[in-house]
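A.B. asks: Here is the input, now give the coordinates:
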Amino acid sequence: MIYFSPFTRESYSKLGITDQRMGYFASRSAALGPVAAEVTIATFFNFHPEAVRRVIPEAWNLASPAAILEARLEGADRTLRKAWGQGYDSAEVQEAASLARRAAERASGRPQGRPLFAAHASLTWPDEPHLVLWHAQTLLREFRGDGHVSLLLSEGLDGAEALVVHAATGEVSGTTLKTMREWSDDEWADAVGRVRARGWLQDGDELVLSPAGREHRQSVEDRTDQLATFPYEAIGEEGCSRLATLAIPLSKAIVDGDVGFPPALAGRLAKLG
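C.D. replies: Predicted coordinates:
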């Protein structure tokens with residue numbers, strides 16, 4: 001939610017960062033320091049390189065990474081307080097924060113090969129429970145994401161091809177992914193052709209995975225999950241079940257609350273939930 005909240009956009013605007021795309025790339029890259037565009041391209045994986053180069057490193061001329069991280073935390077604070085109301089520091093939030101932090105801290109013991117996670121793991125933990133929970137889930141998200149990128153690369157996929165496979169699952173439209181990641185129509189068509197040449201798409205104009213494509217996709221997702229289990233060993237199956245029980249209504253409150261997400265995004269989040 002942090003990348004779509006109007007509160008974070010307000011925080012970045014105070015720093016002179018008014019472009020939403022710049023806010024996204026800069027805020028997620030900031031933990032790495034004032035890096036070159038190529039570092040962001042490498043760690044974010046499936047965005048068109050030129051989309052990154054248009055805003056990085058220009059963002060660092062407007063605000064320091066430290067200032068951007070502070071603005072991001074302020075946005076998270078305002079968003080969660082808005083979504084959860086007086087329950088932002090409830091016993092449930094505190095318990096969820098404790099469980100998630102234990103998992104995230106265990107993840108910090110294995111940063112190798114996970115640059116975006118490692119950068120975020122080096123940041124100072126917030127004090128308030130709702131922000132501890134937010135930071136912990138950010139670490140766990142980046143831990144899984146770095147592993148996922150490694151597996152996609154091991155399959156010989158580039159960023160556009162990975163998006164085509166995702167679109168062919170039917171979870172998100174190809175038009176949405178192509179537009180959000182800023183690939184041109186010709187580049188997208190070329191990527192579709194390369195994925196089709198692997199035998200991963202059914203014949204026809206629609207993007208639909210073939211049996212081989214579904215097997216590939218499931219294999220990558222299963223192995224990604226395997227690589228992501230290490231942090232949760234700190235809380236065990238019982239802790240994981242309890243964390244899910246606590247987190248589901250908190251997530252639903254963010255999606256259903258009057259936070260100010262764009263309508264299309266709110267609908268997608270509700271579907272994912």
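A.B. asks: burial measure for T245, as a count.
C.D. replies: 12 (other CB atoms under 10 Å). All C-beta atoms are positioned from the backbone trio N, CA, C, and that covers glycine.
A.B. asks: Roughly how far does it sit from T229?
C.D. replies: Using CB to CB, to the nearest Å, T245 is found at 19 Å from T229.
A.B. asks: Equivalent analysis for L99, please.
C.D. replies: Distance from L99 to T229, counting by CB to CB: 15 Å.
A.B. asks: These two: who's more crowded?
C.D. replies: Counted by other CB under 10 Å, L99 and T229 do not tie: L99 has more neighbours, with 22 against 10.
A.B. asks: and the more buried one, what element?
C.D. replies: Taking DSSP states H and E as the criterion, L99 maps to helix 91-107.
A.B. asks: my guess is H148 contacts T224, does it?
C.D. replies: Yes: the pair H148 / T224 is scored as a contact, 4.5 Å apart, by CB atoms under 8 Å.
A.B. asks: Buried residues of the helix holding L99, list them for me.
C.D. replies: 92-104, 106-107 (16 or more other CB atoms under 10 Å).
A.B. asks: got the contact list for that helix?
C.D. replies: 84, 87, 117, 121, 125, 129-130, 132-133, 135-137, 139-140, 143, 230-235, 239, 242-243, 246-247, 249-250 (CB atoms under 8 Å, 6 or more residues apart in numbering).
A.B. asks: CA atoms of that helix as CSV?
C.D. replies: Coordinates of each C-alpha in helix 91-107 appear next as CSV, following Å, rounded to 0.1, in the frame of the first residue of the first chain:
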residue,chain,number,x,y,z
ALA,A,91,-3.2,-5.6,21.1
GLU,A,92,-3.7,-7.4,17.8
VAL,A,93,-1.4,-5.0,16.0
GLN,A,94,1.2,-5.3,18.8
GLU,A,95,1.1,-9.1,18.6
ALA,A,96,1.3,-9.2,14.8
ALA,A,97,4.2,-6.8,15.0
SER,A,98,6.1,-9.0,17.4
LEU,A,99,5.6,-12.1,15.3
ALA,A,100,6.5,-10.4,12.0
ARG,A,101,9.6,-8.8,13.6
ARG,A,102,10.9,-12.1,14.8
ALA,A,103,10.6,-13.5,11.3
ALA,A,104,12.2,-10.5,9.7
GLU,A,105,15.1,-10.5,12.2
ARG,A,106,15.8,-14.1,11.4
ALA,A,107,15.8,-13.2,7.7
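A.B. asks: Quick check: mean pLDDT of that helix?
C.D. replies: For helix 91-107, mean pLDDT rounds to 98.
A.B. asks: This completes my enquiry, with thanks.
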